[in-house]
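# structure here, sequence nowhere to be found:
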């Protein structure tokens, strides 16, 4: 038996609503992780048929390599949701796969009780499945502060009817890519396109969809030029948070739409994060909720100093206390433990390194499809000496979300030391292109300098090392890269100035600490560091 993606099904006393992404047991909502919901959905639409593990792995993780443990966990989740008869309903057939061994009835458009916060599975959002039936959603009493909707862009002037289709395609791509970021609750295309008539009133659209942020856009096509203006609007206040304005030759219009996707997604993510961070800083400590505490933690985390890291930890821990299932808060907490360990000598890292692994592992347990979980876990593995494992996790993070600038930056940092320096240089370019004002610029530029050192281009390495050193939140190890690059380029004054800044931060800083921080450094690069280091006082 199979049904349409927007159908509703009933079996063994349970009801599955694929339109709204909801699962009911006796009329009560049952919460499932997105992948577990997707597994149940697929089995329901293939009830009575044995579905192999390979088929399920391909369906649930089409672009990502995961182990069977991920599938096993989803099966456990579904059986737990099905109650005491879970194993009988969802049967395991040895060496063959799984089967939903009950009769399933397609009940079509039968309505169910409304709720203020739908939990549409990410898989359905990314596929563009409607979020609320075929008509406009009912107005909601409260807005999700992590909610964003992208309305169809309008054309104010055009000579070609296909321009409208191209713009709709751009909006679809932006929605899909935002959903893959897993940073926000993203309203699906079906719902936002049903509100096309509200493109001129983003506040009304936000109220109708129950989201705090709405993206609207308008294109003007005149002669051979295309102008596209996109606004990110805070639907709670009507304030325009950011405006992007592009003017391109019409001959490049199709290419423009494809290239804009990454830019718009990263811009939306960055501006919402900054806006929510600033909003959280105005909230008294005693009234912070999990979302606000998380964003305040991000603010302190990105300062890259030990005392700020401790403050960030306290906010992430509070966020977790308020919401024990908040994977990104665990990822942030893991990074705090990572930076504490990274800035210490190797023989003093043990406790913080273990905590970095444990908290990142918890983020993975809660949401392994979140790029932030993979990012945190990859960093922790790398610091623990598992370079291949760390790089593998980071590659998965950017596969899950190609717009994840921090993932590209961290890959560059790791690969610049022992992998292909050309590849590392490319990762830094991608990271900067995605986020040109990123708080991780010191690491992006430092990684580029390290890659250029290994490529034998000392002069250019010194340029980027100096740019890294100029960032306000640069830490001592990146300053070490800058000093070495300057020394290799014959810029002794710059090198000694950068070394002086390092010693202000850590009077006992030495060659062993630098090599401990960059433990993955290739043998030839290590030999070069040992040769040049003493010339600038790094002994």
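Here it is on my side, so go on. Keep in mind that what you see is a predicted model, and the values were worked out from it rather than measured. Residues are numbered from 1 along each chain as shown.
# mind listing what's buried in stretch 353-360?
Residues 353, 355-357, 359-360 are the ones in stretch 353-360 that count as buried (16 or more other CB atoms under 10 Å). C-betas here are computed from N, CA, C, even on glycine.
# cross those against helices and list the overlap.
Judged by DSSP state H, the subset of the buried residues of stretch 353-360 located in helices is 353, 355-357, 359-360.
# ok, those vs residue 329, which is closest?
Ranked by distance to residue 329 (CB to CB), those are led by residue 359 at 9.2 Å.
# just the buried residues of stretch 353-360 now: which is nearest residue 168?
residue 360 (38.7 Å).
# would you confirm that the closest one contacts residue 332?
No. Between residue 360 and residue 332 there is no contact under CB atoms under 8 Å: 10.2 Å.
# circling back to that earlier point, got TSV for the buried residues of stretch 353-360, with distance to residue 244 and pLDDT too?
TSV is the format used below for these (distance: CB to CB, whole Å; pLDDT from 0 to 100):
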residue	distance to residue 244	pLDDT
353	41	91
355	40	93
356	36	93
357	39	92
359	35	93
360	34	93
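# which helix or strand contains residue 481?
Using DSSP states H and E, residue 481 sits within helix 476-488.
# state the mean pLDDT of that helix.
Helix 476-488 shows a mean pLDDT of 90 in the predicted model.
# chain center to that helix: distance?
Its chain's average C-alpha position is 30 Å from that of helix 476-488, according to CA atoms, centre = their mean, to the nearest Å.
# one more: stretch 85-98?
Relative to the centre of its chain, stretch 85-98 is centred 34 Å away, using CA atoms, centre = their mean.
# can you tell me what sits against it?
Applying CB atoms under 8 Å, 6 or more residues apart in numbering, the contact partners of stretch 85-98 are 11-12, 43, 50-53, 55-56, 75, 78-80, 82, 99-102.
# ok, of those residues, which come out buried?
Listed as buried from these are 11, 43, 51, 53, 56, 75, 78-79, 82, 99-102; burial here means 16+ other CB under 10 Å.
# that older thread, from the contacts of stretch 85-98, which ones fall inside helices?
Members of the contacts of stretch 85-98 lying in helices (criterion: DSSP H): 43, 53, 55-56, 75, 78-80, 82.
# domain-wise, how is the chain divided?
According to automatic domain parsing, the chain is divided into the following domains: 8-106, 127-268, 402-536.
# so for residue 277, which of these sits nearest?
Nearest to residue 277 among the domains of the chain is domain 402-536; the distance by CB to CB comes to 10.7 Å.
# below-threshold pLDDT in the stretch 151-300 of the chain: ranges please.
Low-confidence regions of the stretch 151-300 of the chain, defined by pLDDT under 70, span residues 158-161, 250-259.
# what helix or strand is residue 175 on?
helix 162-181.
# swap that for residue 278, please
Assigned by DSSP H and E, residue 278 belongs to helix 253-281.
# which other helices and strands does that helix contact?
Contacts defined by 3 or more CB pairs under 8 Å, 6 or more residues apart in numbering; DSSP states H and E place helix 253-281 against strand 144-150, helix 162-181, strand 211-222, strand 225-234, strand 239-249, helix 290-301, helix 421-434.
# so which elements touch the fifth one?
Spelled out, that is strand 239-249. Strand 239-249 sits against strand 225-234, helix 253-281, with contacts defined as 3+ CB pairs under 8 Å, 6+ apart.
# what packs against the first one?
Other helices and strands packing on strand 225-234, by 3+ CB pairs under 8 Å, 6+ apart, are helix 202-209, strand 211-222, strand 239-249, helix 253-281.
# the same query, at a cut-off of 10 Å, please.
Under the contact definition 3 or more CB pairs under 10 Å, 6 or more residues apart in numbering; DSSP states H and E, strand 225-234 sits against strand 144-150, strand 154-157, helix 162-181, helix 202-209, strand 211-222, strand 239-249, helix 253-281.
# strand partners of it, parallel vs antiparallel please.
Its sheet considered, strand 225-234 pairs with strand 211-222 (antiparallel), strand 239-249 (antiparallel) by DSSP bridges.
# can you tell me which of these is packed in deepest?
For those, average neighbour numbers computed from mean count of other CB atoms under 10 Å are highest in strand 211-222, which has a mean of 22.
# and that one, how far from the chain's centre?
Counting by CA atoms, centre = their mean, strand 211-222 comes out at 23 Å from the chain centroid.
# buried residues of the helix holding residue 278, list them for me.
By 16+ other CB under 10 Å, the buried positions in helix 253-281 come out as 253, 256-257, 260-272, 274-277, 279-280.
# how about stretch 220-230?
By neighbour count on 16+ other CB under 10 Å, the buried set for stretch 220-230 is 221, 226, 228-230.
# now render those as CSV, adding distance to residue 90.
Shown next, in CSV, are these (distance: CB to CB, whole Å):
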residue, distance to residue 90
221, 52
226, 51
228, 48
229, 50
230, 44
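# most widely separated two among those residues?
Using CB to CB for every pair in the buried residues of stretch 220-230, the one that comes out farthest apart is 221 and 230, at 15.2 Å.
# ranges for the helices of the stretch 301-450 of the chain?
With DSSP state H, counting those that start in this stretch as the criterion, the stretch 301-450 of the chain has helices at 306-322, 327-342, 350-366, 371-383, 387-400, 405-418, 421-434, 441-454.
# need those helices in TSV (columns: distance to residue 518).
As requested, the helices of the stretch 301-450 of the chain are exported to TSV (distance: least, CB to CB, whole Å):
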stretch	distance to residue 518
helix 306-322	19
helix 327-342	10
helix 350-366	16
helix 371-383	11
helix 387-400	11
helix 405-418	5
helix 421-434	13
helix 441-454	8
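# out of these, which gets nearest to residue 235?
helix 327-342 (22.4 Å).
# any idea how far residue 373 is from residue 536?
39 Å (CB to CB, to the nearest Å).
# those two: which has the busier surroundings?
In this view residue 373 and residue 536 are compared by other CB atoms under 10 Å, and residue 373 has more residues nearby, 28 against 20.
# please list all residues in contact with the more buried one.
Contacts of residue 373 were listed using CB atoms under 10 Å, 6 or more residues apart in numbering, and they are 182, 327-328, 330-331, 334, 360-367, 393, 396-397, 400.
# run the last query once more with 8 Å
By CB under 8 Å, 6+ apart, the contact set of residue 373 is 327-328, 330-331, 360, 363-364, 366-367.
# write the PyMOL selection for whichever of those residues are buried.
Here is the PyMOL command that picks out the buried ones among the contacts of residue 373, judged by 16+ other CB under 10 Å:
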select buried, resi 327+328+330+331+360+363+364+366+367
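# reformat the contacts of residue 373 as CSV; add distance to residue 528.
Converted to CSV, those look like this (distance: CB to CB, whole Å):
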residue, distance to residue 528
327, 40
328, 39
330, 38
331, 34
360, 32
363, 36
364, 36
366, 42
367, 41
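# ok, so of the contacts of residue 373, who is nearest residue 151?
Out of the contacts of residue 373, the member with the shortest distance to residue 151 (by CB to CB) is residue 328, at 26.0 Å.
# isn't the closest one up against residue 372?
Yes. With contacts counted by CB under 8 Å, residue 328 reaches residue 372, the gap being 4.9 Å.
# show me the contacts for the closest residue to residue 450 other than its chain neighbours.
Closest residue to residue 450 apart from its sequence neighbours, by CB to CB, 6 or more residues apart in numbering: residue 416 at 4.2 Å. Residue 416 is in contact with 424-425, 428, 447-448, 450-451, 454, counting by CB under 8 Å, 6+ apart.
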